[in-house]
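> Coordinates for the following, if possible.
(one chain, ligands or ions: 2)
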Amino acid sequence: MTTTSMSKKVKTVMVTGASSGFGLATARRFAEKGHRVIVAARRKERLESLKQELDDEFGADTVFVMPLDVTSETQIEEMLGSLPEEFAEVDVLVNNAGLALGLEPAHEANLDDWHRMVDTNIKGLYLMTRKILPGMVERRHGHIINIGSIAGNYAYPGGNAYGATKAFVKQFTRNLRADLLGTQIRVTNIEPGLAETEFSLVRFNGDQGKADDVYKGTDPLTAGDIAEAVIWAAEQPQHVNINSIELMPTSQAWAALAIDKIQG
Ligand code: NDP
Ligand code: 8X3
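Ligands and ions are numbered 1, 2, ... in the order given. So this is what the prediction gives:
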């Protein structure tokens with residue numbers, strides 16, 4: 001008989017970026033499955049209302065709220081130190097917090113945007129991982145699920161620093177697997193394509209019209225689709241490690257390589 005690692009007992013799942021989009025949908029899905037969820041993000045009020053909603057539906061203390069900025073090592077340490085005993089041993093870490101800022105070509109891009117993307121998507125992800133991993137290794141049990149992107153696999157105009165941060169996530173995931181061989185810790189990279197969340201609103205600095213245009217007529221992926229992929233990877237039997245899942249909406253595919261033809 002096959003045992004699934006998620007069905008053995010109630011797990012403690014930490015989801016970063018749980019105040020919106022993929023993170024929120026993933027936290028909700030794990031709670032629906034009967035697991036305890038630690039929800040992390042900067043917007044505390046959103047996390048509190050998610051806790052209220054999920055605790056009401058699935059039982060008191062399903063959710064622990066962890067307001068933090070993943071770019072701050074101090075905040076991460078403080079918050080991890082404050083976890084109550086029943087939430088202290090993290091079984092699954094979903095490194096989802098992240099953002100894209102701008103879509104300008106590299107020579108016109110805002111350097112502060114590049115700094116923020118690197119700080120959040122790279123530094124935030126490796127800080128969370130480095131702080132959570134030792135406990136997992138000690139217990140010989142755990143799963144790190146990173147949210148990468150197709151932008152880390154394929155180049156596109158304006159993808160410059162954002163895509164490069166997601167290429168880091170891809171290679172970091174693989175290198176973690178190499179380091180963790182023999183520890184029983186599993187590591188997965190989820191690589192979504194176009195999905196409608198607050199992602200484009202953030203990318204275009206709050207311009208709702210521009211954000212809406214990205215998805216108009218596209219039938220994009222939903223946050224729930226990505227949550228399902230995360231759950232599926234987490235529910236595999238312990239001897240199965242899903243290295244990566246790349247998913248796109250049916251309405252998205254690759255274009256031909258671009259060629260700049262000499263005129264005249
Ligand atoms: P959303 O903007 O809806 O959600 C992003 C989440 O990240 C929010 O909860 C936000 O919370 C959190 N976050 C951002 N910066 C920080 C920070 N410094 N510290 C803590 N939390 C932070 O976007 P998505 O759900 O779409 O994005 C989730 C992940 O998926 C990102 O890594 C993104 O790059 C990736 N992705 C998105 C795709 C898409 O098309 N939507 C496709 C492929 C990958 P708060 O602001 O409260 O801190
Ligand atoms: C988000 C997908 O194509 O907008 O990571 O970069 S894309």
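> quick one, what contacts Glu198?
Counting by C-beta atoms under 8 Å, 6 or more residues apart in numbering, Glu198 makes contact with Ser20, Gly21, Ala211. Quick note: C-beta positions are derived from backbone N, CA and C, even for glycine.
> Give me every residue in the stretch 151-264 of the chain lying close to ligand 2.
Ala151, Gly159, Gly193, Leu194 (C-beta under 6 Å from any ligand atom).
> Out of those residues, the closest to Asn121 would be?
In terms of C-beta to C-beta, no member of these lies closer to Asn121 than Ala151, at 10.1 Å.
> Excluding sequence neighbours, find me the nearest residue to that closest one.
With C-beta to C-beta, 6 or more residues apart in numbering as the criterion, Ala151 has its nearest non-adjacent residue at 4.0 Å, and that residue is Gly163.
> pretty sure that neighbour is touching Gly148, no?
No. Counting by C-beta atoms under 8 Å, Gly163 does not reach Gly148; the two are 10.2 Å apart.
> In terms of neighbours, single out the busier of these two.
Higher neighbour count among Gly163 and Gly148: Gly148, with 28 against 20, using other C-beta atoms under 10 Å.
> how far away is the closest residue to Ala155 other than its chain neighbours from Met248?
Of all residues not flanking Ala155 in the chain, Gly163 sits nearest, at 6.4 Å (C-beta to C-beta, 6+ apart). Separation of Gly163 from Met248 (C-beta to C-beta, to the nearest Å): 15 Å.
> Please apply the same query to Leu181.
The spacing between Leu181 and Met248, counted by C-beta to C-beta, is 30 Å.
> more crowded one of those two?
In this view Leu181 and Met248 are compared by other C-beta under 10 Å, and Met248 has more residues nearby, 16 against 10.
> Please report phi then psi for the closest residue to the more buried one other than its chain neighbours.
The spatially closest residue to Met248, leaving aside those adjacent along the chain, is Gly193, at 3.4 Å (C-beta to C-beta, 6+ apart). Reported as degrees, to the nearest 10, the phi and psi values for Gly193 are phi -100, psi -150.
> so what does the longest helix along the chain touch, helix or strand wise?
Secondary structure of the chain read by DSSP state H shows that its longest helix is helix 160-180. For helix 160-180, the elements it packs on are helix 111-117, helix 125-139, strand 142-147, strand 185-192, judged by 3 or more C-beta pairs under 8 Å, 6 or more residues apart in numbering; DSSP states H and E.
> packing partners for the first one?
Yep, that's helix 111-117 we're talking about. helix 160-180.
> what's next to the helix it packs on, contact-wise?
95, 98, 100-101, 105-106, 109, 113-114, 117-118, 121-122, 125-126, 129, 137, 144, 146-149, 151-156, 187-189, 191, 241, 243-244.
> now it: mean pLDDT?
Averaged across helix 160-180, pLDDT comes to 98.
> near ligand 1 at all, that helix?
No. Remark: helix 160-180 sits outside contact range of ligand 1, by C-beta under 6 Å from any ligand atom, the gap being at least 6.8 Å.
> Mind exporting the C-alpha coordinates of that helix to CSV?
Provided in CSV are the C-alpha atoms of helix 160-180 (Å, rounded to 0.1, in the frame of the first residue of the first chain):
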residue,chain,number,x,y,z
ASN,A,160,15.3,41.2,-17.4
ALA,A,161,15.9,41.2,-13.6
TYR,A,162,12.6,39.5,-12.7
GLY,A,163,13.3,36.5,-14.9
ALA,A,164,16.8,36.3,-13.6
THR,A,165,15.6,36.1,-10.0
LYS,A,166,13.4,33.2,-11.0
ALA,A,167,16.3,31.5,-12.7
PHE,A,168,18.0,31.8,-9.3
VAL,A,169,15.0,30.0,-7.7
LYS,A,170,15.3,27.2,-10.2
GLN,A,171,19.0,26.6,-9.7
PHE,A,172,18.8,27.1,-6.0
THR,A,173,16.1,24.4,-5.9
ARG,A,174,18.3,22.0,-7.7
ASN,A,175,21.3,22.8,-5.6
LEU,A,176,19.3,22.2,-2.5
ARG,A,177,18.4,18.8,-3.8
ALA,A,178,22.0,18.1,-4.3
ASP,A,179,22.9,19.2,-0.7
LEU,A,180,20.0,17.4,0.9
